[in-house]
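K.L.:
just to be clear, the model below is a prediction. Sequence and coordinates:
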Amino acid sequence: MQPLPLYRLILRTHRLKLPDHLRAVGDPYVKSEFRLHKDIDNPIHIVGFLTEWQKYAQDLQGEGWRGVKIDKDKVDKMSDEQLGQLYELMQAARDQQEAKEVSDAHELIDRIISK
C-alpha cells in the first residue's frame, strides 16, 4: 500500500475504532511519524515503516489489538529514540485515560446532583 492511502486508512480506522481518549493520542502520533518519515530515501527503511503501519492498521481493524503486549524481540530491536517515543506514547495514553476517568466521574456526579 502506498503511504498516503495507508495514512488515511489509519486515521479513518482511529475515527471508527478508538475511543476519544486514545484517538487524542494516536492521531497526532501517526501524523508525526508519517511527517518524520516522508523524506526517507533508504528503501529498507521505507518498506519496514510501511509494513509495520500496515500491520497496525490490520490489527486495529480486527479488534485483536486490545490488551496485546508488544513482542519482546521487537522491543529489543528498538533504538533508544524509539524506546523513548514508546514511553512517551504510553505516558500520553495513561494521561488521557486518567483525564477521561476524571471527566466521567464529574459527569456522573453532575447527573446524580441534578436528579
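P.N.:
It's in.
K.L.:
phi and psi next, for residue 39.
P.N.:
Dihedral angles of residue 39 (phi, psi; degrees, to the nearest 10) stand at phi -110, psi 10.
K.L.:
tell me how far the nearest residue to residue 49 once chain neighbours are set aside lies from residue 85.
P.N.:
Distances taken as CB to CB, 6 or more residues apart in numbering put residue 37 closest to residue 49, at 5.3 Å, once the chain neighbours are dropped. (Each C-beta comes from the backbone N, C-alpha and C, glycine too.) Here residue 37 is placed at a distance of 12 Å from residue 85 (CB to CB, to the nearest Å).
K.L.:
pick out the residue closest to the middle of the protein.
P.N.:
residue 26 (3.5 Å; CA atoms, centre = their mean).
K.L.:
what is the neighbour count of the residue nearest to residue 49?
P.N.:
Neighbourhood size, residue 37 [other CB atoms under 10 Å]: 14.
K.L.:
and the residue nearest to the centre of the chain, what pLDDT?
P.N.:
pLDDT, residue 26: 91.
K.L.:
for it, give its distance to residue 98.
P.N.:
Taken as CB to CB, the span from residue 26 to residue 98 is 17 Å.
K.L.:
and what of residue 19?
P.N.:
Distance of residue 19 to residue 98, given as CB to CB: 14 Å.
K.L.:
same check, this time on residue 54
P.N.:
Relative to residue 98, residue 54 is positioned 31 Å away (CB to CB).
K.L.:
of these two, who's got more company?
P.N.:
residue 54 (14 against 11).
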